[in-house]
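Peer 1: Sharing a model that was predicted from the sequence below.
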Amino acid sequence: MPSQTDLNAQRSPQAALRFRPPVSTDGPAITALISRCPPLDRNSAYCNLIQCAHFADQCVVAELGDRIIGWVSGHRPASDPRAFFVWQVAVAAEGRGRGLANQMIKSLLTRSAQHDVTHLITTITDNNKASWALFRSLARDWGAELERSALFEREAHFAGAYPTEYQARIGPLTFSKLQNVQG
């Protein structure tokens, strides 16, 4: 006979889903996840390891059972310490369609390490519709403005090799506002 936990997991696919800071041994799984999520840049395995080891307070993994199905990396820029920069968002095929990226970012921003964050920032190419939709939904959920401006231009910063990266900036935010719309 199945246990109550098994029945809850069958009724609610998110019952076994949990968010946590990464640990260094997550590095290989994160590197593999990113490689399955084009068009994300494939950072070196060492870069992912450093993020897990040195920036765990600014990163989150989503686990379904014993598998990492989501990853958000970020940091607090020294030039804008009240902002939180989302560097990468990766969601495995099995985690898509659940609002997982939105939930991971909200989970990250409600940690005590981010209690003084006033803005969420990232860079997104013009044609990345999924990322624009994610950041529009976060701004809407928080009742905050979403500003868009060119940050890294195709010719000036990438010598024509990559498209322009636009900065998306959401805010102002308050810790209490972030906690009230968790979920």
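Peer 2: Alright, I've got the coordinates.

Peer 1: which residue sits closest to the residue nearest the centre of the chain, ignoring its sequence neighbours?
Peer 2: Nearest to the geometric centre of the chain sits residue 72, at 3.2 Å (C-alpha atoms, centre = their mean). Spatial nearest neighbour of residue 72, excluding adjacent residues (C-beta to C-beta, 6 or more residues apart in numbering): residue 104 at 4.6 Å. From N, CA and C alone the C-beta is placed, and that goes for glycine too.

Peer 1: For residue 20, list each beta-bridge partner.
Peer 2: residue 61 (DSSP bridges).

Peer 1: burial measure for it, as a count.
Peer 2: Residue 20: 14 surrounding residues under other C-beta atoms under 10 Å.

Peer 1: Residue 68 is in contact with that one, correct?
Peer 2: No: applying C-beta atoms under 8 Å as the test, residue 20 and residue 68 come out as separate, 9.8 Å apart.

Peer 1: Which residues are in contact with each of those two?
Peer 2: When C-beta atoms under 8 Å, 6 or more residues apart in numbering defines a contact, the residues bordering residue 20 and residue 68 alike are residue 61.

Peer 1: Against residue 156, how distant is residue 162?
Peer 2: 12 Å (C-beta to C-beta, to the nearest Å).

Peer 1: what kind of secondary structure is the residue nearest to the centre of the chain in?
Peer 2: The local conformation at residue 72, judged by DSSP: H, G, I helix; E, B strand; the rest coil, is strand.

Peer 1: Does it touch residue 59 like I think?
Peer 2: Yes: the criterion here is C-beta under 8 Å, and residue 72 meets it with residue 59 at 6.4 Å.

Peer 1: what about the strands in the chain?
Peer 2: Here the chain has its strands, by DSSP state E, at 17-20, 60-64, 67-75, 83-91, 119-125, 145-152, 165-171.

Peer 1: What angle do strand 119-125 and the longest helix along the chain make with each other?
Peer 2: Ranked by residue count, the top helix of the chain under DSSP state H comes out as helix 129-142. Counting by axes from the mean of the first three to the mean of the last three C-alpha atoms, to 10 degrees, helix 129-142 lies at 160 degrees to strand 119-125.

Peer 1: Report the inter-axis angle for helix 129-142 versus strand 165-171.
Peer 2: Per the same axes, to 10 degrees, the angle that helix 129-142 makes with strand 165-171 is 10 degrees.

Peer 1: Right, I'll leave it there.
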